[in-house]
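1. This is the structure alone, sequence omitted:
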């Protein structure tokens, strides 16, 4: 029977910082604001690849298959977008909505990764928000949504 000589330290962040969900809400709003700012600046495009992704997702919404493109090494984006299109409508606007939702989820994933790496809530929030300000991250969601 062993007993620790010192009491275990209290978990940090309990009273000093808000709950994680508050940071997630703020990050989601921040991601929407960045995407809106990029769109208002006129940085929108629909490349051939973007068009193909939406078309494949529409095809998946009509007839679900394991590999929607027939040649894809990464079918998850087609599954996710196609599922949203199946539930709502296989249109470009729904493709844009799905893209915006996935951008917010990716931002939340960055926050969660920061927390797993030992960042405080504030550090993880700052890291996830900063990544969203990088040009590639800011424009990528808008390109895929256009």
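-> Here it is on my side, so go on. Since the model is a prediction, treat every value here as computed from it, not as a measurement. Residues are numbered from 1 along each chain as shown.
2. which residues of this structure score low on pLDDT?
-> 1-18, 43-50, 67-73, 135-146 (pLDDT under 70).
3. rerun that using 90 as the cut-off
-> 1-21, 34-103, 132-146 (pLDDT under 90).
4. for it, what spans make up the strands?
-> Under the criterion DSSP state E, the chain contains no strands.
5. Give me the neighbour count for residue 132.
-> 20 (other CB atoms under 10 Å). Backbone N, C-alpha and C define where each C-beta goes, glycine included.
6. Grab the nearest non-local neighbour of it.
-> residue 34 (5.1 Å; CB to CB, 6 or more residues apart in numbering).
7. The one you found: how many residues sit nearby?
-> 21.
8. Next: the one 4 residues further on.
-> Counted with other CB under 10 Å, the neighbours of residue 38 add up to 19.
9. Likewise for residue 33?
-> Considering only other CB under 10 Å, residue 33 is surrounded by 11 other residues.
10. how close does it sit to residue 24?
-> Noted for residue 33: a distance of 15 Å to residue 24, by CB to CB, to the nearest Å.
11. same check, this time on residue 38
-> 21 Å.
12. what does residue 109 give?
-> With CB to CB as the criterion, residue 109 and residue 24 are 11 Å apart.
13. Between these two, which has more neighbouring residues?
-> Neighbour totals were compared for residue 109 and residue 24, and residue 24 leads with 17 against 11 (other CB under 10 Å).
14. Good, wrapping up.
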